[in-house]
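In: fold the following.
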Amino acid sequence: MVKIAIVGLGNCASSLIQGLHYYRDRSPADVSGLMHWEIGGIRPQDIRVVAAFDVDARKVGKDVAEAIFAEPNCTTVFQRDIPATGVKVEMGPIMDGVSEHMLSYPEHLRFKPADLPQPDKQKVVHILQKSGAEVMLNYLPVGSEQASRFYAECALEAGVAFINCVPVFIASDPEWARRFAAKRIPIIGDDIKAQLGATITHRVLTDLFARRGVKLHRTYQLNTGGNTDFLNMKNHERLASKRTSKTEAVQAVAAKRLDDESIHVGPSDYIPWQKDNKVCFLRMEGSLFGDVPMNLELRLSVEDSPNSAGVAIDMIRCAKLALQRKQGGVLEAPSAYFCKHPPRQMTDDQAYDSVEAFIAPVPLSVPA
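Out: Next comes the predicted model:
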């Protein structure tokens, strides 16, 4: 079993928890939607939520099984029957987790901060330790720089592995990486890469251009959605790390790095009726043999949060493997395969091979 703590009971957490129950009674023979059914002997149903933190009045104090369906969550419900977990959502520190502009929208669309005392680090650490949590997932909103670092500090003090699903640079910051390594605590990050989303599709096509000798001149990736993530990102001051994360993920696999004027990657607009559906518009302009021009346009529509849940399940299990092996610091292979902004970028083929090697059983040493 893997005991996890979740920071932010939004759409992504809802999809993850729904998925843990959706796959509970299934067999490997009829499973789709997972990259791995089993890692290190751990199946999806072996993951258990033991602690959770949020700041929304409609979630704090509720059982996790109830909170994941509370507003403003709007993702697809594919597993409604979730028994009570016995785990109540704890109040977390607000810090920069709620952008001021969000408060001007109707309650059903935005966060509604609870008027409750906010915990200090020692209280959060106590909750983590008392719950027996082994792995913490950070699902805070984009732009939550201070709050994300607060929880990273708590993970370090509590001795809990940290999975940074958001574009705040922690795993990819050498100082943070050093601190996790010094305490032999695993960390995976930064910024989760969806199962089949805009970034992975853009990366694969960019890599294809490079492999086939097609010169890439210009490209853009425009994304629209109607969940709280897109509403939050209407404040462009919170977008800097998100744009960097998504752009670097594409630049890393280009045959030649594009200048800043020739590449645009990032969230573009909030459309309320799309809810958790994310639509990506992708264009790539290049030249073929004889410098003959070509272009490619693609439209991708996905339910945003379920698209990341299977990836999160694999990240959790990789973190647990590292704990079992007493391996601390940044887990480079899982970070490169599952995240947009890892400390060391790899091509997706290289990252896949590295993860398969990471999760392979460690051979037993044979006495001389």
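In: which residue sits closest to His341, ignoring its sequence neighbours?
Out: Ser245 (4.0 Å; CB to CB, 6 or more residues apart in numbering). For glycine as for every other residue, the C-beta is placed from the backbone atoms N, C-alpha and C.
In: any idea which helix or strand carries that neighbour?
Out: Counting by DSSP states H and E, the element that carries Ser245 is helix 240-251.
In: can you pull out the helices in the chain?
Out: 11-22, 64-67, 121-131, 145-158, 174-182, 198-211, 228-232, 240-251, 306-324, 332-338, 348-359 (DSSP state H).
In: contacts for the fifth one, please.
Out: Under the criterion CB atoms under 8 Å, 6 or more residues apart in numbering, residues 152, 156, 162, 170-171, 186-187, 328-330, 343 lie in contact with helix 174-182.
In: the fourth one too?
Out: Among residues not part of helix 145-158, those counted as contacts by CB under 8 Å, 6+ apart are 7, 53, 92-97, 121, 124-125, 128-129, 133, 136, 138, 140, 160-162, 164, 166, 168, 170, 176, 179-180, 183, 185, 187, 241.
In: Pro113 versus Lys88, what's the distance?
Out: 18 Å (CB to CB, to the nearest Å).
In: wait, I meant Leu20
Out: Leu20 sits at a distance of 28 Å from Pro113 (criterion: CB to CB).
In: equivalent analysis for Ala57, please.
Out: 7 Å.
In: quick one, which of Leu20 and Pro113 is more surrounded?
Out: Leu20 (22 against 18; other CB atoms under 10 Å).
In: residues in contact with that one?
Out: So, once contact is read as CB under 8 Å, 6+ apart, Leu20 ends up touching 44-45, 47, 49, 313.
In: check Ile359 too.
Out: Neighbours of Ile359 in contact, by CB under 8 Å, 6+ apart: 36, 39-40, 317-318, 321.
In: out of those residues, who's the most crowded?
Out: Going by other CB under 10 Å, Cys318 tops the contacts of Ile359 with 28 neighbours.
In: that one is in contact with Ile188, isn't it?
Out: Yes. Between Cys318 and Ile188 there is a contact under CB atoms under 8 Å: 6.6 Å.
In: tell me, what's touching these two both at once?
Out: With CB under 8 Å, 6+ apart, Cys318 and Ile188 have common neighbours 331, 334, 338.
In: for Ile187, see how far away Phe169 is.
Out: 12 Å.
In: and what of Tyr23?
Out: Distance from Tyr23 to Ile187, by CB to CB: 26 Å.
In: neighbour count for these two, which is higher?
Out: Using other CB under 10 Å, the more surrounded residue of Tyr23 and Ile187 is Ile187, with 30 against 20.
In: in the sheet, who's paired with the more buried one?
Out: Phe162, Val330 (DSSP bridges).
In: ok, now the one 5 residues further on?
Out: Ile192 has the following beta-bridge partners by DSSP bridges: Cys339.
In: likewise for Leu296?
Out: Applying DSSP bridges, one finds that Leu296 bridges with Met284.
In: between which two of the contacts of Ile359 is the distance greatest?
Out: Based on CB to CB, the longest span within the contacts of Ile359 runs between His36 and Leu321 and measures 11.5 Å.
In: how many other residues sit next to Asp269?
Out: Neighbours of Asp269 under the rule other CB under 10 Å: 14.
In: next one: it from Gln195, what distance?
Out: 23 Å.
In: check Pro174 too.
Out: Pro174 is 29 Å from Gln195, by CB to CB.
In: distance check, Pro293 against Arg218.
Out: Taking CB to CB, one finds Pro293 at 11 Å from Arg218.
In: and these two? Which one has more around it.
Out: Higher neighbour count among Pro293 and Arg218: Arg218, with 15 against 10, using other CB under 10 Å.
In: next up, the contacts around that one.
Out: With CB under 8 Å, 6+ apart, Arg218 has these contacts: 258, 262-263, 283-285.
In: returning to what we had before: the helices of the chain into a markdown table, with extra columns for mean pLDDT?
Out: Converted to a markdown table, the helices of the chain look like this (pLDDT from 0 to 100):
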| stretch | mean pLDDT |
| --- | --- |
| helix 11-22 | 97 |
| helix 64-67 | 98 |
| helix 121-131 | 98 |
| helix 145-158 | 98 |
| helix 174-182 | 98 |
| helix 198-211 | 97 |
| helix 228-232 | 95 |
| helix 240-251 | 95 |
| helix 306-324 | 98 |
| helix 332-338 | 98 |
| helix 348-359 | 97 |
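In: so which of these gets nearest Ala29?
Out: Closest to Ala29 of the helices of the chain is helix 11-22 (CB to CB; 15.9 Å).
In: next one: the closest one to chain centre, how far?
Out: 13 Å (CA atoms, centre = their mean, to the nearest Å).
In: alpha carbons of that helix, as PDB, please.
Out: Written as PDB, here are the backbone C-alpha positions of helix 11-22 (Å, rounded to 0.1, in the frame of the first residue of the first chain):
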ATOM      1  CA  ASN A  11     -10.400  18.600 -10.700                       C
ATOM      2  CA  CYS A  12      -7.100  16.700 -10.900                       C
ATOM      3  CA  ALA A  13      -7.400  15.300  -7.400                       C
ATOM      4  CA  SER A  14     -11.000  14.400  -8.200                       C
ATOM      5  CA  SER A  15     -10.000  12.400 -11.300                       C
ATOM      6  CA  LEU A  16      -7.200  10.700  -9.500                       C
ATOM      7  CA  ILE A  17      -9.300   9.500  -6.600                       C
ATOM      8  CA  GLN A  18     -12.200   8.500  -9.000                       C
ATOM      9  CA  GLY A  19      -9.600   6.500 -10.900                       C
ATOM     10  CA  LEU A  20      -8.300   4.600  -7.800                       C
ATOM     11  CA  HIS A  21     -11.800   3.300  -7.400                       C
ATOM     12  CA  TYR A  22     -12.600   2.800 -11.000                       C
END
